[in-house]
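Enquirer: next one to model:
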Amino acid sequence: MRFLRHLPAALILGVLTFSLSLHLNAQSADLPDTAPITAIGAGSTVAINVDILLPANQASLYFQNGAVSSWEQINKNGPSCRLTAVESPVVRRLVPGRKLVITGTAMNNGSVFFYGNVLEFDEDATVSKLECASGHKGAMSIAELKQVFGGMFSLIQAPAVVGE
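Expert: This is a model prediction of the structure:
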């Protein structure tokens, strides 16, 4: 009878673990450019193609059309992204060849939120996430992400997970 006391908690934990694994292990290889960025699976990477300075004591950098920008300069009607770095008192660099491994994706519960499309980098010591906005209502597509990246970044999709 004692095991029945813990059964509801075990069931909840099991459901949460299953739903989290479905979210993190989504298939992602060869997604069409029209797919939302939340379909990009864990294990995919964002490769750095150019030197990017992360200013000291600043947690966010904005990107649009393959260039670093500021919040004030971004065209709010076009796709853009905000890179959130771990705050540090020293200047750091993201160097060409470095790969940020995507650990998950999120959409702000489907609500209209400017930077609601998120690529998460939970295991990276420098960058925690890349939050993006399509510039229109709805999810940002992979094509729009590539437009934001320009030549600065490359998206490398993980091989599809078969049988999960």
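Enquirer: and the residue nearest the centre of the chain, what element?
Expert: Of all residues in the chain, the one closest to the mean position by Cα atoms, centre = their mean is residue 119, 0.7 Å from it. Counting by DSSP states H and E, the element that carries residue 119 is strand 117-120.
Enquirer: what is the neighbour count of residue 144?
Expert: Using other Cβ atoms under 10 Å, residue 144 has 24 other residues around it. For the C-beta atoms, the positions are set from N, CA and C on the backbone; glycine is no exception.
Enquirer: any idea how far it is from residue 56?
Expert: 31 Å (Cβ to Cβ, to the nearest Å).
Enquirer: what of residue 82?
Expert: From residue 82 to residue 56 the distance is 18 Å (Cβ to Cβ).
Enquirer: neighbour count for the two, which is higher?
Expert: Ranked by neighbour count (other Cβ under 10 Å), residue 82 and residue 56 place residue 82 first, with 20 against 11.
Enquirer: please report how far the more buried one lies from residue 97.
Expert: 23 Å.
Enquirer: do the same with residue 76
Expert: 32 Å.
Enquirer: and what of residue 128?
Expert: From residue 128 to residue 97 the distance is 20 Å (Cβ to Cβ).
Enquirer: these two: which is more packed in?
Expert: Legend: neighbour count by other Cβ under 10 Å for residue 128 and residue 97, higher for residue 128 (18 against 8).
Enquirer: can you give me the strands for this protein?
Expert: 45-48, 52-54, 60-64, 67-69, 80-85, 92-94, 99-101, 104-107, 117-120, 127-133, 153-156 (DSSP state E).
Enquirer: would you format the ones you listed as TSV with distance to residue 139 and mean pLDDT included?
Expert: Formatted as TSV, the strands of the chain follow (distance: least, Cβ to Cβ, whole Å; pLDDT from 0 to 100):
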stretch	distance to residue 139	mean pLDDT
strand 45-48	18	96
strand 52-54	25	92
strand 60-64	18	94
strand 67-69	22	95
strand 80-85	14	93
strand 92-94	26	93
strand 99-101	21	96
strand 104-107	6	87
strand 117-120	6	92
strand 127-133	9	92
strand 153-156	15	95
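Enquirer: residue 100 touches residue 123, doesn't it?
Expert: No: the pair residue 100 / residue 123 is not scored as a contact, 9.5 Å apart, by Cβ atoms under 8 Å.
Enquirer: of the two, which one has the most company?
Expert: residue 100 (23 against 10).
Enquirer: now the more buried one: how far from residue 149?
Expert: 12 Å.
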